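Chemist: Quick one, fold the following:
(chains A and B)
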Number of protein chains: 2
Amino acid sequence: MKVLVIGGDGYCGWATALYLNKRGYEVGILDNLVRRHWDNELCVETLTPIAPIQHRLKRWNELTGKNIDLFIGDITNYEFLSKTLRQFEPEAIVHFGEQRSAPFSMIDREHAVMTQVNNVVGTLNILYAMKEDFPDCHLVKLGTMGEYGTPNIDIEEGYITIEHNGRKDTLPYPKQPGSMYHLSKVHDSHNIHFACRIWGLRATDLNQGVVYGVLTDETAMDDLLVNRLDYDGVFGTALNRFCVQAAVGHPLTVYGKGGQTRGFLDIRDTVRCVELAIATPAAPGEFRVFNQFTELFSVGDLARMVEKAGSEIGLKVEVKNLENPRIEKEEHYFNAKNTNLLDLGLEPHYLSNSLLDSLLNVAVKYKTRVDESQILPKVTWKR
Amino acid sequence: MKVLVIGGDGYCGWATALYLNKRGYEVGILDNLVRRHWDNELCVETLTPIAPIQHRLKRWNELTGKNIDLFIGDITNYEFLSKTLRQFEPEAIVHFGEQRSAPFSMIDREHAVMTQVNNVVGTLNILYAMKEDFPDCHLVKLGTMGEYGTPNIDIEEGYITIEHNGRKDTLPYPKQPGSMYHLSKVHDSHNIHFACRIWGLRATDLNQGVVYGVLTDETAMDDLLVNRLDYDGVFGTALNRFCVQAAVGHPLTVYGKGGQTRGFLDIRDTVRCVELAIATPAAPGEFRVFNQFTELFSVGDLARMVEKAGSEIGLKVEVKNLENPRIEKEEHYFNAKNTNLLDLGLEPHYLSNSLLDSLLNVAVKYKTRVDESQILPKVTWKR
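Modeler: Okay, the predicted model is just below:
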């Protein structure tokens, strides 16, 4: 089965491309490499030294005998996208190819507009290219749990059945995203849902939680295959950042009270979830939504877990509550369903087991590469 | 009070600008005039001969002694927008400046992408310009009833209180828009809601139904002030198109079974609703939603009403059910609330009274200008 991984040079995309290829899928990577460019622009480097894509793919071929096709270009360029699809003829498209940082989207107007236009137009182009030439192809699209916000009722998977004034309907779950980036994902979801309803396309929206970890079986095979791990104030996510902070003796930076609760998952589960979605595709016309996380934690809980695990390997870890640069509820109800992927057979890696081997020790290994001036948040949500 | 009407050269915008100016508001019009350009591109003309904007404004000044400021430019150009706001210093911004046709957005990929980028970026720019320089200004934004789609439960105004698993919250009403254009309005609503939540901006989203009619007290004052009336397959809306069809002896083109039910309102109520929204602004941080329509009709009902009214003035009217170029439910439940504007004092003009004076007779007056080849729909929703 042929799978095109759009954004296959990024954090989730790279791990997914190798995993699927190892599992027997014929894989192509489409990427414009802009994520590396944004690192340059922000003057930051990922914790782990990541090799140029051509070296990565060459090494992968040497180690496994397997070949991954590479298409370098931008999906907002419809001609390039369409030509690539006709050449590769995918049966599934895994779409990670979006600007994925909330703080990046909140830097200023230009970054907000760029994020929304880039993400919305890229996804629209994929939908039109599928409609035109590959109407039976299955789109597996990376969404985010952040689309839901923090409602005071249980979060279902994409839809909710509402009884109102004696009548009943199952409708898209209401969205309250918390950044210009999260908004772009909400826009995507509405656009994809429409394309499924109107054109009969098939799509799965993976509303993913916060991913942690750097090692998968494949990326751990060789230093040239190592995945990126972002710890900076713009692209670093809570848990990954905490582990790097612990490794270098920087206080763990909890934003605000730390009661913000989110869904989390190990990157080894990200790649497995994508495979599960591909293996059991959505039906024609179906817009299927999976909430892709394995555990719920508050940010404060995470910091305390890293503190404890750090002390087990001799690190002295301090937790510090910063003024929250975001505007978000810091104490709230949060209960989200995630049964669809478990029903398909996902066997989660739990954080308690991953913290030391896949995270803290990796952070310690590369700690000399850390630029501490990049850790604190510089982007604010405030007016 | 100073009000900037963005899109003030268009159908709703022109009528609104004159009405507000007459009522004592200091009015500026910001428009890129692209609506006239799209007529040219589609090789259609509005039923009524509309004068160039400079002649319109000159005549308005001669008749009333009043002056409306004119700013020609595009709000997707942030520098122009920002400069205009600083010059005019609006206390309210009425935003009609979007691509507003569902069929136009469904012509092809280019028109879909253009519609979403144009509408989303324009509105984002307004939000950023307000945040930057006019955080207390009130944004009155034209949304659409089409954001809701046709759910099987009552449609509330923007929000719905949901009880779920023993808990309760009031959340944004779920959206199921039916075209690339309607999707752009859903995206806007989410973006504006966020800006209110995060930056404390104040906004009112007017989820307007289908507008009919051409005359308001102001636009009727002189031939040079006459409003546009679109009857073509791309920009013409149901009732206006039916009346033009009746005038020229063309069968009324009901798409599909005609059970599609929508909210409708007279353009004289559009202008009044905008004034009511301006006069009682949303609170800082409030994203207020009004459903702006006065009556619900099915498309089939409308055709029969036009048939009957036409026969009263001696027109022989035939109703014809076409294959539906859109993909939509043709028989469905539809019950939408519209109490917010009535509570503010709206006294509706009802269709039964407007049909002859403001619509059919106007259509008959200009019927020699009709190009019958432009009436049938050419754009389809199908794959």
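Chemist: Can you report the mean pLDDT over the residues of stretch A:2-19?
Modeler: Stretch A:2-19 shows a mean pLDDT of 98.
Chemist: Endpoint to endpoint, that stretch covers what distance?
Modeler: End-to-end distance for stretch A:2-19: 13 Å, by C-alpha to C-alpha, to the nearest Å.
Chemist: ok, so what distance separates the closest residue to A:I75 other than its chain neighbours from chain B?
Modeler: Leaving aside its chain neighbours, A:I75 sits nearest to A:G122 (4.2 Å; criterion: C-beta to C-beta, 6 or more residues apart in numbering or on different chains). In short, each C-beta sits where N, CA and C put it, glycine included. As judged by C-beta to the nearest C-beta, to the nearest Å, A:G122 and chain B stand 10 Å apart.
Chemist: same thing with A:F242?
Modeler: Distance from A:F242 to chain B, by C-beta to the nearest C-beta: 25 Å.
Chemist: likewise A:L239?
Modeler: From A:L239 to chain B the distance is 25 Å (C-beta to the nearest C-beta).
Chemist: and that residue, which of the three is it?
Modeler: helix (DSSP: H, G, I helix; E, B strand; the rest coil).
Chemist: right, and it touches A:A303 too?
Modeler: No - between A:L239 and A:A303 there is no contact under C-beta atoms under 8 Å: 9.2 Å.
Chemist: circling back: mind listing what's buried in the host helix or strand of the residue nearest to A:I75?
Modeler: Assigned by DSSP states H and E, A:G122 belongs to helix A:109-133. Residues A:109, A:111-131 are the ones in helix A:109-133 that count as buried (16 or more other C-beta atoms under 10 Å in any protein chain shown).
Chemist: Stretch A:247-257 too?
Modeler: Buried residues in stretch A:247-257 (16+ other C-beta under 10 Å): A:247-248, A:250-256.
Chemist: sorry, back to before: any idea how far the helix holding A:G122 is from the middle of the chain?
Modeler: Relative to the mean C-alpha coordinate of its chain, helix A:109-133 is positioned 17 Å out (C-alpha atoms, centre = their mean, to the nearest Å).
Chemist: elements contacting it?
Modeler: Helix A:109-133 is packed against helix A:78-88, strand A:92-95, helix A:102-105, strand A:138-144, helix A:180-199, helix B:109-133, helix B:180-199, with contacts defined by 3 or more C-beta pairs under 8 Å, 6 or more residues apart in numbering or on different chains; DSSP states H and E.
Chemist: dump the residue contacts of the residue of the stretch 251-383 of chain A found nearest chain B.
Modeler: Across the stretch 251-383 of chain A, no residue is closer to chain B than A:R383, which sits at 4.3 Å (C-beta to the nearest C-beta). Residues counted as contacts of A:R383 (C-beta atoms under 8 Å, 6 or more residues apart in numbering or on different chains) are B:131, B:135, B:198-200.
Chemist: Would you mind giving me the PyMOL syntax to select the buried ones in those?
Modeler: The following PyMOL line selects those of the contacts of A:R383 that are buried, judged by 16+ other C-beta under 10 Å:
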select buried, chain B and resi 131+198+199+200
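Chemist: pLDDT weak spots in chain A?
Modeler: A:357 (pLDDT under 70).
Chemist: can you rerun that using 90?
Modeler: A:238, A:352-358, A:383 (pLDDT under 90).
Chemist: Contacts only, for the nearest residue to A:A238 once chain neighbours are set aside.
Modeler: In space, and not counting its chain neighbours, A:A238 is closest to A:V299: 5.5 Å by C-beta to C-beta, 6+ apart. The contact partners of A:V299, by C-beta under 8 Å, 6+ apart, come to A:238, A:254-255, A:258-262.
Chemist: Narrow those residues to those in strands?
Modeler: The strands, defined by DSSP state E, take in A:254-255, A:261-262 from the contacts of A:V299.
Chemist: Tell me, how many residues neighbour A:G65?
Modeler: Per other C-beta atoms under 10 Å in any protein chain shown, the neighbour tally for A:G65 reads 7.
Chemist: I'd like the distance from it to A:N21, if you could.
Modeler: Distance of A:G65 to A:N21, computed by C-beta to C-beta, to the nearest Å: 11 Å.
Chemist: now A:G28
Modeler: For A:G28, the distance to A:N21 equals 10 Å [C-beta to C-beta].
Chemist: interface residues of the stretch 201-350 of chain A facing chain B?
Modeler: A:327, A:333 (C-beta under 8 Å from any C-beta of the partner chain).
Chemist: All the helices of the stretch 201-350 of chain A, residue numbers only.
Modeler: For the stretch 201-350 of chain A, applying DSSP state H, counting those that start in this stretch gives helices covering A:238-248, A:267-279, A:299-312, A:339-343.
Chemist: Pick the most buried one from the ones you listed.
Modeler: Comparing the helices of the stretch 201-350 of chain A by mean neighbour count (mean count of other C-beta atoms under 10 Å in any protein chain shown), helix A:238-248 ranks first with a mean of 26.
Chemist: from the chain's centre, how far out does that one sit?
Modeler: Counting by C-alpha atoms, centre = their mean, helix A:238-248 comes out at 18 Å from the chain centroid.
Chemist: How about stretch A:286-301?
Modeler: Worked out by C-alpha atoms, centre = their mean, stretch A:286-301 lies 11 Å from the chain centre.
Chemist: Same question for stretch A:56-75.
Modeler: How far stretch A:56-75 lies from its chain's middle: 21 Å, per C-alpha atoms, centre = their mean.
Chemist: Just the C-alpha atoms of it, please, in CSV.
Modeler: C-alpha atoms of stretch A:56-75 as CSV (Å, rounded to 0.1, in the frame of the first residue of the first chain):
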residue,chain,number,x,y,z
ARG,A,56,18.6,10.6,6.5
LEU,A,57,17.1,8.8,3.6
LYS,A,58,20.4,7.4,2.3
ARG,A,59,21.2,6.0,5.7
TRP,A,60,17.8,4.5,6.0
ASN,A,61,18.3,2.8,2.7
GLU,A,62,21.7,1.5,3.7
LEU,A,63,20.4,0.1,7.0
THR,A,64,17.1,-1.5,5.8
GLY,A,65,17.5,-1.8,2.0
LYS,A,66,14.3,0.2,1.8
ASN,A,67,13.7,3.2,-0.3
ILE,A,68,11.5,6.3,0.5
ASP,A,69,10.6,8.6,-2.3
LEU,A,70,11.3,12.3,-1.7
PHE,A,71,9.3,15.2,-3.2
ILE,A,72,10.5,18.6,-2.1
GLY,A,73,8.0,21.3,-2.6
ASP,A,74,5.1,23.2,-1.1
ILE,A,75,1.5,22.0,-1.1
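Chemist: Many thanks, have a good one.
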